[in-house]
Structure formats: C-alpha cells, structure tokens
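> sharing a sequence plus its predicted fold:
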Amino acid sequence: MTELTSLTIAEAREKLTAKEFTSVELTQAYLNAIEAANQVFNAYIAVTPEKALDMAKTSDKRRAGGAAGALEGIPLGIKDLFATHDVHTQACSHILDGFKPKYESTVTQNLWDDGAVMLGKLNMDEFAMGSSNETSHYGAVVNPWKAQGSNQQLVPGGSSGGSAAAVAAHLCAAATATDTGGSIRQPGAFTGTVGIKPTYGRCSRWGTVAFASSLDQAGPIARDVRDAAIMLKSMASVDAKDTTSVDLPVPDYEAALGQSLKGMRIGIPKEYRVDGMPDEIEKLWSQGIAWLKDAGAEIVDITLPHTKYALPAYYIVAPAEASSNLARYDGVRYGLRVDGKDIADMYEKTRAAGFGTEVKRRIMIGTYVLSAGYYDAYYLQAQKVRTLIKRDFELVFDAGVDAILTPATPSSAFGIADQDLAADPVKMYLNDIFTVTVNMAGLPGIAVPAGLDAKGLPLGLQLIGKPFEEETLFKTAYVIEQAAGRFTPSKWW
Amino acid sequence: MSVDLATVKRVARLARIAVTEDEANRMVGELNGILGFVEQLSEVDVTGIEPMTSVTPMTMRKRRDEVTDGDKAADVVANAPVTDHDFFLVPKVVE
C-alpha cells in the first residue's frame, strides 16, 4: 500500500470517499510523520495531535452521515500568522509569548467548515518579515531539498517557510500561508511546491496577524496545481468582518484545470530580465514560453516600465504600515511584558525584548518615513509610484494580454546562515524582486515548479493575472505542471 | 537623505523601542543602507499622479450601526499579562 502521506488532497479525497481509509487513519499517518521528522525540519512550532484526532473523528462521523465537505478529513498545517482558537498563535514572535486567541481567523474557520483537520501551527519569519524563515523566534526551517552531493542545509524561503517545507516533506496534505511581498510564491519556488497569492480582497484578513494591511493576502501552498485550486476555493470568501474582502462569488477553481489555452495571450515583460540572473533561470523562462506556445497560447513581448521601483516602494509602504500595525504590542493586552519604571519605560523594554532584529529594523524605517518632515518625500512618493506600477499592469491587460509569465525567484534556495545575506539586509530583500510587483498592484500570482537547476534544486515560474481571474492562472499553471512534471525531494531524513 | 545617531535614537523613542548605544550605532548603518536603496524613487516623475489609497477600486461596505457582539470581558482579558476584575493593569500614569 502507498504511504498515506504521499497522497495529494485530490487522491486522498477520492480514497476517503471510497472508504479505503478513514480521516483518523490519514491524520494519524501525518502525526507519525511529524513525530519522526519535525525535529529535522523545525517546520511545526506547535503540533496539536489531540485536536487533530478529535477533528478527524468528527469528520469521519460527518462523512458516515453523508455530509462530507470539500476538504472532509484532510489534514492541514496552519501558518502561525492565523489566529486559531485556544491554540498557539504568535506570528513566530517572542512578543506574543503565550498568546492563545479566543477567536478563529475567517480563513481557518472556512477550512474547518469544509471538514479539514488541523495538525498544528507552522514556523515562519517573525511577523512574516523575511525571505528565508531565519527571523523566526523559533529558529530556522530546513528545506527538504539538498543540492546534489552536498549536505549543506538550505532555507525553504520565507516568510511561509514552515508551510512550504511541511508540504514538500509530506508533513501535511497542504498548508495555509500568507504573501505580503512574495511570502507564498518564493518558498513555493524554493521547495518545488505550488503557491498562489490571490487577488487582494479574495481571502478575508480577519484574524490574520497584520503585517502590511494593504499588501497582506492569504493563500495556499500545496503539492500540485489541483490541490492549490481545492484549497483556495475553501479559503476564499466574502466576510463582513473584513471590509476589504470582496463580494464576488468564489468560482470552482478546479473546473478550470484542463481548459485550453488557445487564443490566450501571454505577456513576457522585458524588465524581468535582470542583471546577473543565472542562465538556468533564463533557460527555464524560455522553456515555459515554449510550453505555453505549444499549448496554443500567443506569446507577446510587453513592457512594465516601473518594475525596478516596486521593491524600493515596497520597502517604504510595507514598513510604514507595519510600524502602525505593530504599535499594538505594548505589553498591556497580550503577550510579553517587561516591567519598567513607568509606562513608557515598560513599553520600550517590552518591545526591545519582544521584537527580533529584522522586525525592529522595519518598525524603525516605517516610523522614520512617516515622521514629520519625511512623509511627503518617502511615503507619499512611494504611494504615487505604486499607482504607476499598477497602471503598468492595467495598460498591458487593456491591450489584450490575459496573463504574464516571469521567473518566480532570481535564484534557487540558498544556505542557512548565508554570510553575504546576513551582512546586507537589502540583498535579502532582492529575493522578492519578481514577486513584489504583484502585491503592490493587488494582483493574483501563482508560482509553479518548472524544473531543477544544475545542483538539482527546484526552480519556479510565476504567472500574474488580472484581478479576480485566478482561474486563468490555475489553467495556465496546470499546463506548465503537465509539461514539467512534479518535483519531490528524495527522502534523506 | 540619511540618518545619524541622534535621529536613530529619536526614531527609536517614537517607536517605543529601547535601544542600547551599540544597537543604535549598528542601526545607523543598516537604516542608511535601506534609505540609500529606496532613494532611487525620487527619480520617478510623478507629476499629476495620485497616491494610491486603495489597491482595488471599491466602495467600502458599510453595516448598520448596531451591537453585534459583546459580553466577552473574560475573553478580552484572557491573554493579558496583568489584569484585575476584567481590567488591564498598567503602571501608574497619573500621580
């Protein structure tokens, strides 16, 4: 018999329906896998075995009663950014020490309403600020992929590093994740998994710890395109508790898979051909173009002239919003408190002890660019540039382009504790160069594995779509997946 | 534009983060690195361009102004470090 943990959601769904096994059996298989391997990867920072088995039992009962939901009995991992009732929720920060919310995020509630089972909470960069999962208070996550002939530990990307590693190592069927500048798509690309950041407003942000509210979006990381489509269908909803959630029906994304690309126009933006990009990425991109052409799509060269300004504008807008959002962590209502000689001293000591280096750095930048005398030069200028970045995309879509194909990342996964990256924060930020434009414009973007580099590490391609046209991304990514195949790390753990 | 040690300390104060002399010195270099990187935005011509206020064009949904939730004082204070009778306790603010 195949290992239960090797099944995709679609496969498990079929076998659960056929009563080949129960959700309790499937859940136990995942709990065993976590027990055996989590110490290697550090992907879960809290495992909830009792809750998981309880949920699985209830799910099996529901199924027996003939009321199976779309994710009935499927065991999932949840990024630590999502509030889960009475369960560890700290955004992997020390400042939320001991926080167990008395409420459930809308996204996770949607999953439970559809019958899914929670295995535990997944590691991430502190407050989702990072591209390597190394800023987590709970330490780095190890990528299940290793370069051929090397024993070096690699990062799984970030900020959703625990989600990506757990999915790639089969420690959950799929995981929730969030993406503010690339935090779903870059870890997806680094681990050979599929990650989609939907259009801003597609998933409710209620109960998701806020980083940069105009950029944050939840989405899934899954083993293949079909599983990502199944997950997003359940995660997305309109929500009265989030006024930026959009009141549009959630389509059946899975139905888009297998649809023809004939007559579609795919744009290739010249600005994404950056200096120093490895030949392998260039080759992967050309390969992707060839696959889509073979599938009947028309390829057109396009220009998105403000692309190079997206990352600098992001590093004003995101820290500015973060400095405001993170003002709530003051040692009064939840989490850590360090006593001081007066209230201001208590605030300052609590925040000094509770926030990590990268989070402090971003709060400082955000506070500076919003401070009197600098607001116009930095924040206002960045928001105007953001308008221009969005307009670039609108012009291209208005000219008849249906989706845009780009590389997902400028490199494959790098080593844990990389000296170059540790010495220069800006260098780490450049990881998001291809993904951040999508957040700035509020568009949907999907990263799909497309090949391996010479070291045997996965590389991904990114598709960018029009607002709320996730179906186009799923059907196009599916064509790439059919051509490229799927990528699973060989098991060394 | 760049920051000096005094500015870093002032910003840390505004952000309510205690910093040591060493940390402040290190932040001067790091913040200037980031500010140097974002400096390139000043070369973009933004004449007549409106700053983005909403990433998707939408009218904010409004709801009736009525009570829809409440009576959860115990839940609200459940995670607070120090409480007393459903109040958050803080160091004395008024003499």
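Looks like it arrived, so ask away.
> for the strand or helix carrying A:A166, packing partners?
In this assignment (DSSP states H and E), A:A166 forms part of helix A:161-168. Applying 3 or more C-beta pairs under 8 Å, 6 or more residues apart in numbering or on different chains; DSSP states H and E, one finds that helix A:161-168 contacts strand A:44-47, strand A:75-79, strand A:117-122, strand A:174-179, helix A:185-191, strand A:217-222. (Each C-beta comes from the backbone N, C-alpha and C, glycine too.)
> hmm, the helix or strand following the longest one in reach of chain B?
Of the helices and strands lying after helix A:185-191 in sequence (DSSP H and E), the nearest is strand A:194-197. No - residues of strand A:194-197 are not located near chain B by C-beta under 8 Å from any C-beta of the partner chain, the shortest gap being 12.7 Å.
> tell me how far the residue most central in space within chain A lies from A:K79.
For chain A, A:I184 is the residue whose C-alpha lies nearest the centre (C-alpha atoms, centre = their mean; 2.0 Å). Distance, A:I184 to A:K79, by C-beta to C-beta, to the nearest Å: 10 Å.
> which residues do the two both contact?
Common contacts of A:I184 and A:K79 (C-beta atoms under 8 Å, 6 or more residues apart in numbering or on different chains): A:S160, A:S163, A:A177, A:T178.
> burial of residue 85, as a residue count?
Chain wasn't specified; assuming chain A. Using other C-beta atoms under 10 Å in any protein chain shown, A:H85 is surrounded by 16 other residues.
> switch to chain B, that's the one I care about
B:H85, neighbours per other C-beta under 10 Å, totals 7.
> for B:N25, same thing?
Neighbourhood size, B:N25 [other C-beta under 10 Å]: 12.
> report the buried residues of whichever helix or strand it is part of.
Assessed by DSSP H and E, B:N25 sits inside helix B:21-38. Within helix B:21-38, the residues scored as buried using 16 or more other C-beta atoms under 10 Å in any protein chain shown are B:A24, B:M27, B:V28, B:E30, B:L31, B:I34, B:L35, B:F37, B:V38.
> before we move on, what about stretch A:100-112?
Neighbour counts over stretch A:100-112 (16+ other C-beta under 10 Å) mark A:K100, A:P101, A:Y103, A:E104, A:S105, A:T106, A:V107, A:T108, A:Q109, A:N110, A:L111, A:W112 as buried.
> can you name the two of the residues you listed that sit furthest apart?
A:K100 and A:N110 (20.6 Å; C-beta to C-beta).
> got any ranges where chain B has weak pLDDT?
Chain B contains no residues with pLDDT under 70.
> can you give me the helices for it?
B:5-14, B:21-38, B:73-77 (DSSP state H).
> so for A:Y334, which of these sits nearest?
helix B:73-77 (9.4 Å).
> now what about the closest one, what contacts it?
A:K102, A:Y103, B:T83, B:D86, B:F87, B:F88.
> contacting residues around the residue of chain A most remote from its centre?
For chain A, the largest distance from the centre (C-alpha atoms, centre = their mean) belongs to A:K341, which lies 41.2 Å off. With contact set as C-beta under 8 Å, 6+ apart, A:K341 has these partners: B:P91.
> quick one: the residue sitting nearest the centre point of chain B from A:R351, how far?
Centroid-nearest residue in chain B: B:A15, 7.2 Å away (criterion: C-alpha atoms, centre = their mean). From B:A15 across to A:R351, the span is 8 Å (C-beta to C-beta).
> can you check B:D65 too?
35 Å.
> neighbour count: the two, which is higher?
A:R351 (25 against 5).
> in terms of helices and strands, where is the more buried one?
Counting by DSSP H and E, A:R351 is part of helix A:343-354.
> quick check: buried residues in that helix?
Result for helix A:343-354 [16+ other C-beta under 10 Å]: buried residues A:M346, A:Y347, A:E348, A:K349, A:T350, A:R351, A:A352, A:A353, A:G354.
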